[in-house]
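[1] with the sequence up front, the predicted model follows.
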Amino acid sequence: MLINIEDLRQRARRRLPKAVFEYVESGAEDGYTLNANRRGFERYLFRARSLVDVSARDQSTTVLGQKLSTPLILGPTGLAGLLAPWGEVLAAKAAASRGSLFTLSTMSICTIEEVAAAAPPPLWFQLYVWKDRGITRSLVERARAAGYHALCLTVDVPEMGNRELDRRNGFSVPPRLTFTNVLDIFRHLGWVLRMSSSPRATFGNFIDTGSLAKKDAVSVAGFTNRQFDPSISWKDLEWLRSIWPGPVVLKGISCAEDARLAVEHGVEALIVSNHGGRQLDFLPAAIDVLPEVVDAVQGRAEVILDGGIRRGSDVVKAIALGARACMIGRPFLYGLAANGQAGVELTLDILSKEIDRTLALIGRPRLSELDRSALRMDLLPSTTEPRAPALRVLDGAA
Ligand SMILES: Cc1cc2nc3c(=O)[nH]c(=O)nc-3n(C[C@H](O)[C@H](O)[C@H](O)COP(=O)(O)O)c2cc1C
Ligand SMILES: CCCCC(=O)C(=O)O
C-alpha cells in the first residue's frame, strides 16, 4: 500500500537500478546535513488549540503572485528523466494538475521547450551559470521565450558536493553497463524497457551546445565541475537582471548575511536550502536556519523552505516559522520512479492531505493563521546529533 512518502521511497528503490536510486538518495560525505534536515523537524513540536471551528480549511497560498492550491513546489532535480521516460514532463504535468508548481533544472533530460510545450504554467527555470556565458545567456533566453515565470538561481554549487556513493557506483550520464552493475541492471529490466521510450539519456539542454561530448559518458561531478562557473558572485546578479525581466529567486541561502544581501540586490524570493544535504556537509538542518533568515528578510522577499520535507506536518512547521511555501525534491522523485505522473500526483496528494489534517488537529484552519505560537521549541535539546553516515541512511538505519 502506498500511503506515505516512505512507501513511495521503498517502491522507487525496488524499481530503480542501484546507482540511479543512490544518486537520488545520497548526501555529501558523512550525511550529517542529510540526516539533520529530517531530524531538525523533531525539534519543533506543536501547541494545539482545541474547540476551534476547523470545518472549513484552506491551504492555498500565493508565491510570487501566483496562486497555488497547496504550499508545495517541486524543486529542480537534475536527471529526473532517468527515473521515468519524459520524467520532467510528467512531473510538471502532475504539479499543474494539483495546483502546485514545477521547477525545471538546468541539468534535466527533457529540454526547456519540451516541458513548456507539454505542461501548463506556472513553471520556474533553475539556472546553473556556465563558464561559457554565451550558453548561460541562451538558456535564460530560451526559458524566457518558452514562458517560464521565474528564474531560480542556485547559489550553493560553486563545486559539486562530494557524493561518495556516485563515485563508488561510477554513476555516469548516459548510464553505462559495467562489470560491477551488470547483474543489477539485469534485475531491473523493467526500468531498461521503460527507459527505451525516453527521448534521450543525457542532459537535454546541452545536446546542441558543444559542451557535451556526443558519444562519451560523463560523470556528473566531472561534467559539472568543468562547466559551472565558480567565479559567480553578487555582481553577476545585475547581468542576470539585464537578460531576465521576470522575478529572480535565489536557491541555497543558509545564513542571515546572505539573506540580507539577497534582499539588497532586489531578489523577489529566496530559498533556505542546503541542497538536500548534497553539497556542503555540516550545514545545519534547513528548518533550523529558517527563523534566522525570516528575521533578516523582514518581509522584503518571500522565503521558501527546502530540505527534508517528508510529512505534511513538516510543511506546517515551516510555515509557522515564516516560510511562504516549501520545496520538495526526493519525495516527488520517489513518486515519479514509483508510478510516473500518477506517482508524483500521489506524492502531492499525500502531503496535502497531511497538511490539511494537521491544520485541523492544531486548530489553525488556514495557513494565514500560522505563526510561531503554533509551535513549542523549548522542550527538546537544541542540537541534532549526527546519527549515521549517508550509507547507513540508505540501509534504513536512521
Ligand atoms: C536527484 C537530485 C537532483 C537534484 N538536482 C538539482 C539541480 O539540478 N539543481 C538544484 O538547484 N537542486 C538540485 N537538487 C536539490 C533539490 O532541488 C532540493 O534542494 C533538495 O532535493 C531538497 O531536499 P529533499 O530532497 O529532502 O526534499 C537535486 C536533488 C536531488 C535529490
Ligand atoms: C545532475 C547534475 C547535478 C544536479 C544537482 O544539483 C544535484 O544532483 O544535486
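    Done, it's in. Ligands and ions are numbered 1, 2, ... in the order given.
[2] residues of the stretch 201-350 of the chain that sit close to ligand 2?
    Those residues of the stretch 201-350 of the chain that sit near ligand 2, judged by C-beta under 6 Å from any ligand atom, are 220, 224, 275, 278. Every residue, glycine included, has its C-beta placed from N, CA and C.
[3] among these, name the ones in helices.
    When DSSP state H is applied, these are split such that 220, 224 fall in helices.
[4] of the residues of the stretch 201-350 of the chain next to ligand 2, which pair is most distant in space?
    Farthest-apart pair in these is 220 and 275; separation 13.4 Å (C-beta to C-beta).
[5] quick one: neighbours of the residue nearest to residue 274 when sequence neighbours are not counted, just the number.
    Nearest non-adjacent residue to residue 274, counting by C-beta to C-beta, 6 or more residues apart in numbering: residue 283, 4.2 Å away. By the measure other C-beta atoms under 10 Å, the count of residues near residue 283 is 23.
[6] picking up where we left off before, residue 220 and residue 275: which has the busier surroundings?
    Between residue 220 and residue 275, counting by other C-beta under 10 Å, residue 275 is the more crowded of the two (24 against 19).
[7] for the more buried one, what are its contacts?
    Counting by C-beta atoms under 8 Å, 6 or more residues apart in numbering, residue 275 makes contact with 154, 156, 157, 161, 252, 307.
[8] 6 Å instead, please
    Contacts here follow C-beta atoms under 6 Å, 6 or more residues apart in numbering; on that basis residue 275 touches residue 156.
[9] could you do the one 10 residues further on as well?
    If you count contacts by C-beta under 6 Å, 6+ apart, residue 285 has them with 36, 37, 40.
[10] please repeat the previous calculation with a cut-off of 10 Å.
    Taking C-beta atoms under 10 Å, 6 or more residues apart in numbering, we find residue 285 in contact with 32-43, 274, 277, 307-308, 384.
[11] OK, contacts around whichever residue of the stretch 201-350 of the chain sits closest to ligand 1?
    Closest contact between the stretch 201-350 of the chain and ligand 1, by C-beta to the nearest ligand atom, is at residue 329 (2.0 Å). Applying C-beta under 10 Å, 6+ apart to residue 329 gives the contacts 24, 74-77, 80, 103, 273, 275-276, 278, 306-309.
[12] the closest residue to it other than its chain neighbours and residue 374: what is the separation?
    Ranked by C-beta to C-beta, 6+ apart and with sequence neighbours excluded, the top spatial neighbour of residue 329 is residue 75, at 4.5 Å. For residue 75, the distance to residue 374 equals 25 Å [C-beta to C-beta, to the nearest Å].
[13] burial of the residue lying closest to residue 160 once chain neighbours are set aside, as a residue count?
    Sequence neighbours aside, residue 221 is the residue nearest to residue 160 in space, at 4.2 Å (criterion: C-beta to C-beta, 6+ apart). The tally of other residues near residue 221 (other C-beta under 10 Å) stands at 16.
[14] can you check residue 379 too?
    By other C-beta under 10 Å, neighbour count at residue 379 equals 8.
[15] pLDDT score assigned to residue 314?
    Per-residue confidence for residue 314 comes out at a pLDDT of 98.
[16] after the strand or helix carrying it comes which helix or strand?
    Under the criterion of DSSP states H and E, residue 314 resides in helix 312-320. Note on helix 312-320: by DSSP H and E, the next helix or strand toward the C-terminus is strand 325-328.
[17] in the following helix or strand past that following strand, what's buried?
    Next helix or strand after strand 325-328 toward the C-terminus (DSSP H and E): helix 330-362. Buried residues in helix 330-362, counted by 16 or more other C-beta atoms under 10 Å: 330-341, 343-348, 350-352, 354-356, 358-359, 362.
[18] helix 330-362 vs helix 312-320, what angle?
    80 degrees (axes from the mean of the first three to the mean of the last three C-alpha atoms, to 10 degrees).
[19] which secondary structure elements does helix 330-362 contact?
    Packed against helix 330-362 by the contact rule (3 or more C-beta pairs under 10 Å, 6 or more residues apart in numbering; DSSP states H and E) you find helix 5-15, helix 18-25, strand 45-46, strand 72-74, helix 87-97, helix 189-195, helix 312-320, strand 325-328.
[20] okay if I get these as JSON lines plus mean neighbour count?
    What follows is the helices and strands packed on helix 330-362, written out as JSON lines (neighbours: other C-beta atoms under 10 Å):
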{"stretch": "helix 5-15", "mean neighbour count": "19"}
{"stretch": "helix 18-25", "mean neighbour count": "22"}
{"stretch": "strand 45-46", "mean neighbour count": "16"}
{"stretch": "strand 72-74", "mean neighbour count": "28"}
{"stretch": "helix 87-97", "mean neighbour count": "25"}
{"stretch": "helix 189-195", "mean neighbour count": "14"}
{"stretch": "helix 312-320", "mean neighbour count": "25"}
{"stretch": "strand 325-328", "mean neighbour count": "28"}
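[21] hey, where'd the strands end up in the stretch 1-150 of the chain?
    In the stretch 1-150 of the chain, the strands defined using DSSP state E, counting those that start in this stretch lie at 45-46, 61-63, 66-68, 72-74, 101-104, 123-127, 150-154.
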